[in-house]
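*Asks:* prediction below, plus the sequence it came from.
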Amino acid sequence: MRSPSSHRRILQTRNASAAPQCPLLLFTGREKKREGHIREAMVLYRKGVKLDPTNYLALNNLCTLELHSGELQSALDHLTRAISLKPAFFSARINHAEAEKRLGYHDTALLDYNLVLKHNPHWASVYENRGDVRLLQQDYEGAYDDFCRAIALNPALEDAGLKKQ
């Protein structure tokens, strides 16, 4: 039986050998995504995750495409892993909340949005997204408050269709 330090050395060696390849895959994946080649970008991000399963950026990038492609449960699973690797990775937490919202897990989506807003109470889009979840829960007063806060932080949202009633 191997000791815990032996397992860490094996993992570090494997991740060290993947390290030079993973940033290239991430860069190429971003380029493919920018060009509109979503499936190709997903393949590159999946390779990056396979090479380095601890790369929370590769996990988050893959998940944004999975959300876009409707692969919600896979996105949620990958985002859960990314957050476990870096709990303060708020972009992943916002994507996690979006996946939860779309899967109907409204209570846990609210928890994610609340955690993000606790860290940064000036993030207008998070108030807007939390308001959407509150609408789905028929919490109209809470939704109204969130939308008003979002507009106060970013007046352009009102022109984009987020109107106070």
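*Replies:* Right, received. Where do you want to start? Numbering: from 1, shown residues only.
*Asks:* contacting residues for Lys47?
*Replies:* For Lys47, the set of contacting residues under the criterion of Cβ atoms under 8 Å, 6 or more residues apart in numbering consists of Leu25. For the C-beta atoms, the positions are set from N, CA and C on the backbone; glycine is no exception.
*Asks:* and Ala92, how far is that from His37?
*Replies:* Computed as Cβ to Cβ, to the nearest Å, the Ala92 to His37 distance reads 23 Å.
*Asks:* more neighbours, these two?
*Replies:* Summary of the neighbour comparison: Ala92 and His37, criterion other Cβ atoms under 10 Å, with Ala92 having more neighbours (27 against 14).
*Asks:* was I right about that one contacting Cys63?
*Replies:* Yes: counting by Cβ atoms under 8 Å, Ala92 sits close enough to Cys63 to count as a contact (7.3 Å).
*Asks:* what is in contact with the two at once?
*Replies:* Here Ala92 and Cys63 share the contacting residues 79, 82, scored by Cβ under 8 Å, 6+ apart.
*Asks:* burial measure for Thr64, as a count.
*Replies:* Residues lying near Thr64 (other Cβ under 10 Å) number 19.
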